[in-house]
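J.: this one's sequence-less:
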């Protein structure tokens with residue numbers, strides 16, 4: 001199953017932040033379909049050091065907001 005392999009690249013901490021991010025958006029979003037397309041970017045950013053993230057102007061807890069910034073304004 002392709003989606004199982006994709007989910008495995010996300011750390012438990014990042015998965016929790018994603019769940020919280022989508023929970024704040026409400027029930028009108030198919031979170032699985034939206035996040036599946038951006039799993040690689042989420043994992044790439046989560047693998048960066050805090051200093052590297054800071055150079056991008058984000059903190060670790062804001063990774064989901066950064067990755068989905070073009071779709072959602074939260």
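T.: Ah, there it is. Note that the structure is a prediction, hence the values are computed from the model and not measured. Numbering: from 1, shown residues only.

J.: Return the helix or strand in this protein with minimum mean pLDDT.
T.: Least confident helix or strand of the chain, by mean pLDDT, DSSP states H and E, is helix 2-8 with a mean of 48.

J.: what helices or strands is the helix or strand just after that helix leaning on?
T.: Going down the chain from helix 2-8, the next helix or strand is helix 12-25, by DSSP states H and E. Packing partners of helix 12-25 (3 or more CB pairs under 8 Å, 6 or more residues apart in numbering; DSSP states H and E): helix 31-36, helix 39-46, helix 63-67. Just so you know, the C-beta spots here come from the backbone N, C-alpha and C atoms, and that holds for glycine as well.

J.: how far off helix 39-46 does helix 12-25 point, in degrees?
T.: 120 degrees (axes from the mean of the first three to the mean of the last three CA atoms, to 10 degrees).

J.: Pull out the buried residues from helix 12-25.
T.: Within helix 12-25, the residues scored as buried using 16 or more other CB atoms under 10 Å are 14, 17, 18, 21, 22.

J.: again with stretch 58-65
T.: 58, 62, 63, 64, 65.

J.: Endpoint to endpoint, it covers what distance?
T.: 9 Å (CA to CA, to the nearest Å).

J.: Not counting residues beside it along the chain, what's closest to the most centrally placed residue in the chain?
T.: By CA atoms, centre = their mean, the chain has its centre lying nearest to residue 64, at 3.6 Å. Excluding the flanking residues, the one nearest residue 64 by CB to CB, 6 or more residues apart in numbering is residue 21, at 3.8 Å.

J.: Distance of residue 59 relative to residue 70?
T.: 19 Å (CB to CB, to the nearest Å).

J.: Pretty sure the residue nearest to residue 64 sits against residue 65.
T.: Yes: taking contacts as CB atoms under 8 Å, residue 21 lies within contact range of residue 65: 6.8 Å.

J.: How about residues contacting stretch 44-60?
T.: The contact list for stretch 44-60 (CB atoms under 8 Å, 6 or more residues apart in numbering) reads 10, 11, 13, 14, 63, 65, 66, 67.
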